[in-house]
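Undergrad: show me the folded form of this:
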Amino acid sequence: MGADSERDVHVSTCGRQISLNLLVLRCRDIEASKVFYETLGHEFVAERHGNGPRHYAAKLGGLVLELYPRRGNESPDDLRLGFSCPTLVDIAAKIRTSNIPIINELREIEGRLVLVVRDPDGRSVELSQPLLSDKT
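TA: Residues are numbered from 1 along each chain as shown. Next comes the predicted model:
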């Protein structure tokens, strides 16, 4: 990239950091998806905007996660999600007592505990927790 490209990026963002604040997942069965994501620790409220479909929303810090019913022949996405979890071992125990498919068992990867599961629409969902370092 040349100097002009770097300047264009700086000007277009006005020197501010851009952050993600909304993620909408289209689901075959939003009730099954709600149960899945609640097992991961998210708390949803039912919403409806005007004549739009009933859906669920959860606040995750500065991000709103919404579960919407899939429309007609809408094809499924190939999205992979990742959530940082403060108590991954506890969540993993809940997952093991549910019918949630585990893709990769709980393991340590680059200073994190990581577990990968599949949501009701076939998406890979990575759950991770940073490990405490013994270094001072």
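
Undergrad: got the contact list for the residue most central in space within the chain?
TA: Nearest to the mean C-alpha position of the chain, by CA atoms, centre = their mean, lies Leu81 at 4.3 Å. Residues near Leu81 by CB atoms under 8 Å, 6 or more residues apart in numbering: Leu23, Asp119, Arg123, Ser124, Val125, Glu126. Quick note: C-beta positions are derived from backbone N, CA and C, even for glycine.

Undergrad: partner residues bridging the first one?
TA: It refers to Leu23. Leu23 has these beta-bridge partners by DSSP bridges: Leu65.

Undergrad: show me the contacts for it.
TA: Applying CB under 8 Å, 6+ apart, the residues near Leu23 are Leu63, Val64, Leu65, Glu66, Leu81.

Undergrad: try it again at 10 Å.
TA: Contacts for Leu23 (CB atoms under 10 Å, 6 or more residues apart in numbering) come out as Leu60, Leu63, Val64, Leu65, Glu66, Leu67, Leu79, Leu81.

Undergrad: among those residues, which one has the most neighbours?
TA: Of all the contacts of Leu23, Leu67 has the most neighbours under the rule other CB atoms under 10 Å, reaching 26 neighbours.

Undergrad: in the sheet, who's paired with Val117?
TA: Under the criterion used (DSSP bridges), Val117 bridges to Ile102, Val125.

Undergrad: oh, that last question was meant for Arg107, not what I typed.
TA: Val114.

Undergrad: so it touches Glu126, yeah?
TA: No. Contact status for Arg107 versus Glu126: not in contact, 11.5 Å apart, counting by CB atoms under 10 Å.

Undergrad: who touches both of those two?
TA: Common neighbours of Arg107 and Glu126 (CB under 10 Å, 6+ apart) are Val114, Leu115, Val116.
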